[in-house]
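Novice: Fold the following.
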Amino acid sequence: MASVILENNHFIQPASISGQREELTAEFFDWFEARAEASNFQVDEIPLNEVKGWNMDLGERGLHHESGKFFSVQGITVEVTEPYMQRWQQPIINQPEIGILGILCKQFNGIPHFLMQMKMEPGNINQAQLSPTVQATRSNYTQVHKGKLPAYLSYFLERKGRVIADQLQSEQGARFLRKRNRNMIIIVDDDIEVYENFYWLSLVQIKQLYRYHNLINMDARSVLSMIQLDASLDFGVADLAYQDDRFCQDLRVSIATREAGIHRFDDLISWFTFLKSSYAISTRTIALAKLEDWTVSADAIRHKQNHYFSVVGVRSRLEGREVSEWCQPLLKHEAIGLISLLCQKINGVMHFLINARMEPGYIDVIEMGATVSTSDPARYQSFAQAPVFLDHFLNAKESAIRCDFELSEEGGRFLHFRNRYQVVELDETEKLDIPPDFVWMTYGQLLRFIRHSLYLNVELRSLMAALPLRLVS
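Specialist: Okay, the predicted model is just below:
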């Protein structure tokens, strides 16, 4: 097998993959390497006042494109009154249009394969990542930038084929203001032309690629999480688990378990509805000039203590894209975040500890997230200040870690923002004091929620898309 996958323009040696059918072949890695090198992508960080086509308004319009399309960076003030009191201000991305994230699926020799795209984004830590077949904002596919239409777009606009997933799903509620994308998977029977930046991969092969840091992009993970692993269409779930791996076998039982969990599904709906009706958060836009604790300059927008993130400019040049050269702002993150799930066998069935998270950008107050979600776990000076259960991950024994890998977030809006994704299993005898905004669910119950919009947040969907393959770096 070729030792490939670009990371900062260098190759990294993949972890060993054994005991699996449908092994990834050298052909795929050779293709990925060749397409990444042929793209000739150059990205330079520049001051905001040099971002061509964008204007800085210190009022409520914020940093915006001269066309009035794409997105803007605005200021918001946030006030939480229930279940606690909190107030802060921050910049946020406002992108009201709904984009399309779509993956084409086709069976080869009875095995469903997914048409994945090698796509370069200015914010990707390693530039080249695997994305959905179509990844396009409305501004892209209405050609505001006067570029080419994305390949295969008509399959999703016209719903050509058998639709097996079609939902509106949110993005990061702490960084986007009420942002949603249409997540779609469509099965096709006809032969279609495969362009040079596209490649057919089975679900087993895609899940193996999570072993490579920052390879499968956020949008692809969001769409792939929509797959119902216990549906009538055989995605090869039985082949995802090592025969002698107890955790993978436990996951398969948890996938099939929807009403044998410690909570009935109707009770979970009631728990979530109660929290949505009890929590109170107010978010309104304000002028960039009025942001407290933030400095707005010709160079960048930064927190005065250099916390959280900054807003910077980039200039990108890429051959073969809809537009070959463009400038834009990106949200820049220095720290590597942590997205972690606790799991535990309860009454013989694997459960996952889910947190109801309130974020200023969510449309409907809260969404379900991982046990711990923090963009900078190192900033907490003591566990007394840290999110509840953080210590279970920072102090986890190696023998308890079931998943541990790094993934990049949206490279079209964030510059080098990465999260470490983990699953840690508790001993069956360990008892936890569960706060009211946490609840245990089976994996089958999570799959039931993911059939609907705005229940599971993008970070939890990203983690779910990797399971049930056991992944430890």
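Novice: burial measure for residue 94, as a count.
Specialist: Number of residues near residue 94 (other C-beta atoms under 10 Å) recorded here: 19. Backbone N, C-alpha and C define where each C-beta goes, glycine included.
Novice: I'd guessed it sits against residue 74; true?
Specialist: Yes - if you go by C-beta atoms under 8 Å, residue 94 and residue 74 touch, sitting 5.1 Å apart.
Novice: Find the residues that touch each one of those two.
Specialist: Residues touching both residue 94 and residue 74 (C-beta atoms under 8 Å, 6 or more residues apart in numbering): 62, 177, 285.
Novice: Give me the nearest residue to the first one, chain neighbours excluded.
Specialist: So the one you mean is residue 62. Sequence neighbours aside, residue 74 is the residue nearest to residue 62 in space, at 3.7 Å (criterion: C-beta to C-beta, 6 or more residues apart in numbering).
Novice: coming back round to it: name the nearest of the shared contacts of residue 94 and residue 74 relative to residue 417.
Specialist: Each of the shared contacts of residue 94 and residue 74 was checked against residue 417 using C-beta to C-beta; the closest is residue 177, at 17.1 Å.
Novice: and the residue most central in space within the chain, how far is that from residue 409?
Specialist: The central residue of the chain, meaning the one whose C-alpha is nearest the mean C-alpha position (C-alpha atoms, centre = their mean), is residue 218 at 3.6 Å. Residue 218 sits 5 Å away from residue 409, taking C-beta to C-beta, to the nearest Å as the criterion.
Novice: so what sits against both of these two?
Specialist: Between them, residue 218 and residue 409 share no contacting residue, judged by C-beta under 8 Å, 6+ apart.
Novice: Now do the contacts for the residue nearest to residue 62.
Specialist: Here residue 74 is in contact with 60, 61, 62, 63, 91, 92, 94, 177, 285, 286, 288 (C-beta under 8 Å, 6+ apart).
Novice: and it, that's in a strand?
Specialist: Yes - assignment of residue 74 by DSSP: H, G, I helix; E, B strand; the rest coil places it within a strand.
Novice: Could you check how far it is from residue 286?
Specialist: Taking C-beta to C-beta, one finds residue 74 at 8 Å from residue 286.
Novice: Now do the shared contacts for those two.
Specialist: Applying C-beta under 8 Å, 6+ apart, one finds that residue 74 and residue 286 are jointly contacted by residue 60.
Novice: related to what we said a few turns ago, tell me the pLDDT at the residue nearest to the centre of the chain?
Specialist: Taken from the predicted model, the pLDDT recorded for residue 218 is 97.
Novice: ok, it - contacts?
Specialist: Going by C-beta under 8 Å, 6+ apart, the list of residues near residue 218 reads 171, 407, 408, 409, 410, 411, 458, 462.
Novice: Mind putting the residues you listed into CSV with distance to residue 352, neighbour count and secondary structure?
Specialist: Written out in CSV, the entries for the contacts of residue 218 read as follows (distance: C-beta to C-beta, whole Å; neighbours: other C-beta atoms under 10 Å; DSSP: H, G, I helix; E, B strand; the rest coil):
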residue, distance to residue 352, neighbour count, secondary structure
171, 22, 24, coil
407, 18, 26, strand
408, 23, 22, strand
409, 21, 28, coil
410, 24, 24, coil
411, 28, 27, coil
458, 17, 25, helix
462, 14, 25, helix
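Novice: Would you state the helices of the stretch 251-400 of the chain in chain order?
Specialist: In chain order, the stretch 251-400 of the chain shows helices spanning 265-278, 390-394, with DSSP state H, counting those that start in this stretch as the criterion.
Novice: Lowest average pLDDT across these?
Specialist: If you rank these by mean pLDDT, helix 390-394 sits at the bottom with a mean of 93.
Novice: Buried ones in that one, by neighbour count?
Specialist: If you call a residue buried by 16 or more other C-beta atoms under 10 Å, then helix 390-394 has these buried ones: 390, 392, 393.
Novice: next one: stretch 329-347
Specialist: Of the residues in stretch 329-347, those scored as buried under the neighbour-count criterion (16+ other C-beta under 10 Å) are 329-333, 335-345.
Novice: Straight-line length of it, end to end?
Specialist: Using C-alpha to C-alpha, to the nearest Å, one end of stretch 329-347 lies 50 Å from the other.
Novice: On the pLDDT front, check residue 6 for me.
Specialist: The predicted structure scores residue 6 at 41 on the pLDDT scale.
Novice: which residues touch the closest residue to residue 326 other than its chain neighbours?
Specialist: In space, and not counting its chain neighbours, residue 326 is closest to residue 316: 5.8 Å by C-beta to C-beta, 6+ apart. Taking C-beta under 8 Å, 6+ apart, we find residue 316 in contact with 41, 42, 43, 122, 325, 326, 327, 328.
Novice: low pLDDT regions in the protein?
Specialist: Across the chain, the ranges flagged by pLDDT under 70 are 1-23, 141, 143-147, 230-244, 258, 320-322, 381-384, 468-473.
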